[in-house]
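*Asks:* Output the structure for:
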Amino acid sequence: MNIIVTGSSGFLGKTLCKYLKEQGHSLTELTSSNCDLIREASLRHYNNQNYDLICHLAAWTQAGDFCIKHPGEQWIANQKINTNVLSWWATQQSQAKLVFMGTSCVYAPNGDLKESEYMVGEPIDSLYTYAMTKRMLYQGARALSKQFGLKYMCAVPSTLYGPGYHTDGRQMHFIFDLIRKIIRGKEYGEQVVLWGDGYQRREIILVDDFVKILFDLNSKYNNEIFNIGAGEEYAIRHFAKKICDVVGYDEEHIIYDKSKYVGAKSKVLNIDKAKTILQSKYDVTKLSVGLESTIKWFYESESWQGQTANN
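*Replies:* Numbering: from 1, shown residues only. You can find the predicted model right below:
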């Protein structure tokens, strides 16, 4: 297939592009440096190409408290990005299927976090703006599909982790920051301070597992939305202990700062829909195995020497 990928330089983008190349597909890889999707005319250069698949991963966001600090800018930037991609899809690439990313922060915190609730209820306040831009993206795809018969699929990932995470100074997702802090605690004798009381719970899925499940589903269904996660969540203290065991750091030395931002108290996606379809092919790597490979990469890449903190 001939495939174009937005956000190809991101953590998910790099993994997805590697997977697609290994499958023998032809790729056009878009990044913010070679295609500024905020500009309306940014995709005109690719009008004469006929794509079979558009993978839209690009979004203006970061982990941590980024969404709290930039809600207005986030709304404008992401609405422009998504509108430009949707418009280009409908007017120039109607033969292509659009595969795009949703977000788990769309779900109301007290709901079941299943696909039928994606457009229902209120997201948490700290992530509200970003969540609503993702709902608008989903509704845009549905509207274009309904009017023009276009094909799409929306994938909603839990937190992705694994080797190869970006270390360019931006805030890290919690699992990477836990690894970074604990490694530094071991190597430099630094005090390890984690945000919150440690009892907030999170779900993570290895990025390679996510990509494989995504394309297994994509080969079978059109015009659907799927949650893709590990199906279980753990307390931050559990993740910290697992990392301490691998790194060789005494978890009793960790301090938990209850004054810091922690987001949702609990967040695990309902993955029954995808698991029912794929059955045994819905396979995710054990947490201990995935963490060990990620920690090994952190050590070897010296990514733990970065200073950005968030969990």
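
*Asks:* Three-state assignment for Val5, please.
*Replies:* Counting by DSSP: H, G, I helix; E, B strand; the rest coil, the backbone at Val5 sits in strand.

*Asks:* That one contacts Leu30, doesn't it?
*Replies:* Yes: the pair formed by Val5 and Leu30 meets the contact definition of CB atoms under 8 Å, at 6.4 Å. Heads up, the C-betas are built off the backbone N, CA and C, glycines and all.

*Asks:* Kindly provide the distance from the closest residue to Leu113 other than its chain neighbours to Lys134.
*Replies:* For Leu113, ignoring the flanking residues on the chain, the nearest one in space by CB to CB, 6 or more residues apart in numbering is Tyr107 at 4.5 Å. For Tyr107, the distance to Lys134 (CB to CB, to the nearest Å) stands at 11 Å.

*Asks:* likewise Phe100?
*Replies:* 9 Å.

*Asks:* Output the below-cut-off pLDDT ranges for this structure.
*Replies:* 63-65, 67, 167-171, 261-264, 303-311 (pLDDT under 70).

*Asks:* can you give me the strands in it?
*Replies:* Along the chain, the stretches classed as strands by DSSP state E are 2-6, 26-29, 53-56, 97-101, 151-157, 159-161, 193-195, 201-202, 204-206, 224-228, 234-235, 255-257.

*Asks:* does Ala230 really touch Arg202, like I thought?
*Replies:* No: assessed by CB under 8 Å, Ala230 is found out of contact with Arg202, at 10.2 Å.

*Asks:* circling back: got the strands of the chain as TSV, with mean neighbour count columns?
*Replies:* Listed next are the strands of the chain as TSV, based on neighbours: other CB atoms under 10 Å:
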stretch	mean neighbour count
strand 2-6	22
strand 26-29	17
strand 53-56	25
strand 97-101	22
strand 151-157	22
strand 159-161	21
strand 193-195	20
strand 201-202	20
strand 204-206	24
strand 224-228	22
strand 234-235	16
strand 255-257	13
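
*Asks:* okay if I get these as JSON lines plus distance to Val246?
*Replies:* Formatted as JSON lines, the strands of the chain follow (distance: least, CB to CB, whole Å):
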{"stretch": "strand 2-6", "distance to Val246": "33"}
{"stretch": "strand 26-29", "distance to Val246": "33"}
{"stretch": "strand 53-56", "distance to Val246": "33"}
{"stretch": "strand 97-101", "distance to Val246": "29"}
{"stretch": "strand 151-157", "distance to Val246": "24"}
{"stretch": "strand 159-161", "distance to Val246": "14"}
{"stretch": "strand 193-195", "distance to Val246": "16"}
{"stretch": "strand 201-202", "distance to Val246": "18"}
{"stretch": "strand 204-206", "distance to Val246": "15"}
{"stretch": "strand 224-228", "distance to Val246": "26"}
{"stretch": "strand 234-235", "distance to Val246": "15"}
{"stretch": "strand 255-257", "distance to Val246": "20"}
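
*Asks:* now stretch 130-139, how far from the chain's geometric center?
*Replies:* 14 Å (CA atoms, centre = their mean, to the nearest Å).

*Asks:* what residues does it touch?
*Replies:* Contact partners of stretch 130-139, identified using CB atoms under 8 Å, 6 or more residues apart in numbering, comprise 59, 61, 67, 74-75, 78-79, 82, 86, 100-103, 105-106, 118-119, 123-124, 154, 225.

*Asks:* same question, stretch 76-89
*Replies:* Stretch 76-89 is contacted by residues 6, 37-40, 42-43, 46, 54, 56, 58-61, 96, 98, 100, 130, 133, 136-137, 140-141, 144, 150 when judged by CB under 8 Å, 6+ apart.

*Asks:* Was I right to think Asn222 contacts Tyr152?
*Replies:* Yes: taking CB under 8 Å as the definition, Asn222 is a contact partner of Tyr152 at 7.2 Å.

*Asks:* how about the helices in the stretch 201-311 of the chain?
*Replies:* Per DSSP state H, counting those that start in this stretch, the stretch 201-311 of the chain carries helices over the ranges 207-218, 236-247, 272-278, 287-301.

*Asks:* Let me have those in TSV, adding mean neighbour count as columns.
*Replies:* Shown next, in TSV, are the helices of the stretch 201-311 of the chain (neighbours: other CB under 10 Å):
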stretch	mean neighbour count
helix 207-218	20
helix 236-247	20
helix 272-278	16
helix 287-301	16
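
*Asks:* And those helices: which comes nearest Leu178?
*Replies:* Of all the helices of the stretch 201-311 of the chain, it is helix 236-247 that lies closest to Leu178, at 5.7 Å by CB to CB.

*Asks:* how about that closest one as CSV, C-alpha atoms only?
*Replies:* The C-alpha trace of helix 236-247 is given here as CSV (Å, rounded to 0.1, in the frame of the first residue of the first chain):
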residue,chain,number,x,y,z
ILE,A,236,2.1,4.2,40.6
ARG,A,237,3.7,2.5,43.6
HIS,A,238,3.5,-0.8,41.8
PHE,A,239,5.2,0.6,38.7
ALA,A,240,7.9,2.2,40.9
LYS,A,241,8.5,-1.1,42.7
LYS,A,242,8.9,-3.0,39.5
ILE,A,243,11.4,-0.4,38.2
CYS,A,244,13.3,-0.4,41.5
ASP,A,245,13.6,-4.2,41.3
VAL,A,246,15.2,-4.0,37.9
VAL,A,247,17.4,-0.9,38.6
